[in-house]
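K.L.:
Need coordinates for the below:
(one chain, ligands or ions: 1)
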Amino acid sequence: MVHDLIVIGGGPAGLTAGVYARTRNLSTLILEAEQAGGQLSWLYPTKSVYDYPSYIAIEGHELGQLFVEHARVSGVEVREGETVEEVRRGPKAFEVRTSKGVYEGRAVIVAIGNGPFNPRVLEIPGETEHEGRGVHYRVRDRRSFKGHCVLVVGGGDSALEIALEVVAPAKEVTLVHRRAEFRAMEKNVQAVQKSPVNVLFNSELVSIEDVDGRLDAVVYNNMTLEKVVKRVDSIIINVGFEPLQTKVERWGLELEGARNIKVRPDMSTSVPGVFACGDAVWYPSKEKRIVTGCGEAVTAVISVYKYLKAPYWA
Ligand SMILES: Cc1cc2nc3c(=O)[nH]c(=O)nc-3n(C[C@H](O)[C@H](O)[C@H](O)COP(=O)(O)OP(=O)(O)OC[C@H]3O[C@@H](n4cnc5c(N)ncnc54)[C@H](O)[C@@H]3O)c2cc1C
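P.N.:
Numbering: from 1, shown residues only. Now for the predicted structure:
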């Protein structure tokens, strides 16, 4: 079967593309490498999202699953656990090859987010040895920190949001940041200031030691040059991500930098018939947020429709 549209990536952008494609009756297949719902479902499932309009607060996983349900109810076929490895133009349609098979689509929307990545590590003594045994890089379920003394490392939005996410179940949360001020949205900074989170500025976690089943976190103040030892149950390190090599560059799309797909205002890429949206794309003043990705998805679908129906009548 040749689909009108194949969407690569089942995050908010790809799923929104699916919903809108069905309003134009386009037969649509979404191929998702991991779990549909995107970063919301597999990266921050129990973090609350406060800036997706119409939900004052909603947890990542719940919002992700609502996107999935909306797409499925609209008639989109969503296949999970299928990583797209190659996209190429065949005689009749694009051939999209995954780890499990080959699918044909008359048009393609690439909505693969930031692609695969590993969390950035601090490379300090005791870090690797305790990974998964007290040292974490993401929060899969905030309830697992119930009653814990938690040390969160980082000063960007994600680190602040993690501290705020675990502060309710935890016994105590300390946020350690190496600079004198946060590099985060005012809303998050104010929320941390109003919360019971203890903040240590100009501070760096320099080593982790195991003591009677708990962890001694050695924190160095880079202004006073003093070291303090904090005994904690969990350490969550959030200092960015290291992108892994993807195969996107081999799909023939023009990129900005190593991985971001260059798009025009109509979300078309350098390959006719291939469009893109969400965190995967680059254009001047691009913002990587859920709502912006969804808006781009609508534009991408309208462009797909015009491409498939050319000459377009409206
Ligand atoms: C910790 C954190 C907190 C955040 N909080 C917020 C917030 O509160 N509000 C907000 O608006 N934004 C937030 N964001 C940003 C937001 O999550 C992203 O902007 C949004 O998820 C982008 O959606 P997307 O669909 O473009 O990409 P993604 O959500 O990344 O989805 C892309 C999907 O494509 C899949 N994929 C990748 N490669 C392939 C392949 N080759 N084949 C098939 N599938 C593939 C991936 O598995 C993934 O599921 C946050 C981000 C992080 C990291």
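
K.L.:
Tell me where the model's unsure across the stretch 101-250 of the chain.
P.N.:
By pLDDT under 70, the low-scoring segments of the stretch 101-250 of the chain are 245.

K.L.:
now the helices for it?
P.N.:
157-166, 186-194 (DSSP state H, counting those that start in this stretch).

K.L.:
just those helices: most buried one?
P.N.:
helix 157-166 (a mean of 24; mean count of other C-beta atoms under 10 Å). In short, each C-beta sits where N, CA and C put it, glycine included.

K.L.:
relative to helix 186-194, how tilted is it?
P.N.:
Counting by axes from the mean of the first three to the mean of the last three C-alpha atoms, to 10 degrees, helix 157-166 points 40 degrees away from the direction of helix 186-194.

K.L.:
Rebuild the helices of the stretch 101-250 of the chain as CSV, extending it with distance to the ligand.
P.N.:
Below are the helices of the stretch 101-250 of the chain laid out as CSV (distance: least, C-beta to the nearest ligand atom, whole Å):
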stretch, distance to the ligand
helix 157-166, 4
helix 186-194, 9
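
K.L.:
Among those helices, which comes closest to G293?
P.N.:
Taking C-beta to C-beta, helix 157-166 is the member of these nearest to G293, at 16.3 Å.

K.L.:
which other helices and strands contact the closest one?
P.N.:
strand 149-153, strand 172-176, helix 186-194 (3 or more C-beta pairs under 8 Å, 6 or more residues apart in numbering; DSSP states H and E).

K.L.:
Give me the contact list for the helix or strand hosting Y20.
P.N.:
Using DSSP states H and E, the element containing Y20 is helix 12-23. Helix 12-23 is touched from outside by 4-5, 7-8, 28, 30, 32, 36-38, 40, 63-64, 67-68, 70-71, 74-76, 78, 109, 111, 113, 277-280, 290, 293-294, 296-298, 300-302, 304, with contacts defined as C-beta atoms under 8 Å, 6 or more residues apart in numbering.

K.L.:
So what's the model's average confidence on it?
P.N.:
Across helix 12-23, the average pLDDT comes to 98.

K.L.:
What pairs with the helix or strand following that helix, parallel or antiparallel?
P.N.:
Using DSSP H and E, the next helix or strand after helix 12-23 towards the C-terminus is strand 28-32. In the sheet, strand 28-32 lines up against strand 2-8 (parallel), strand 77-80 (parallel) (DSSP bridges).

K.L.:
Centre of the chain to stretch 294-307, how far?
P.N.:
21 Å (C-alpha atoms, centre = their mean, to the nearest Å).

K.L.:
any residue of it up close to the ligand?
P.N.:
No. Stretch 294-307 stays clear of the ligand (C-beta under 6 Å from any ligand atom), getting no nearer than 8.0 Å.

K.L.:
okay, that stretch in PDB with CA atoms only?
P.N.:
Provided in PDB are the C-alpha atoms of stretch 294-307 (Å, rounded to 0.1, in the frame of the first residue of the first chain):
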ATOM      1  CA  CYS A 294       2.600  21.600  16.700                       C
ATOM      2  CA  GLY A 295       2.200  24.800  14.800                       C
ATOM      3  CA  GLU A 296       4.900  23.900  12.300                       C
ATOM      4  CA  ALA A 297       3.200  20.500  11.900                       C
ATOM      5  CA  VAL A 298       0.100  22.200  10.600                       C
ATOM      6  CA  THR A 299       2.100  24.200   8.100                       C
ATOM      7  CA  ALA A 300       3.900  21.100   7.000                       C
ATOM      8  CA  VAL A 301       0.600  19.200   6.400                       C
ATOM      9  CA  ILE A 302      -0.800  22.100   4.400                       C
ATOM     10  CA  SER A 303       2.300  22.100   2.200                       C
ATOM     11  CA  VAL A 304       2.100  18.300   1.800                       C
ATOM     12  CA  TYR A 305      -1.500  18.700   0.700                       C
ATOM     13  CA  LYS A 306      -0.500  21.300  -1.900                       C
ATOM     14  CA  TYR A 307       2.300  19.100  -3.100                       C
END
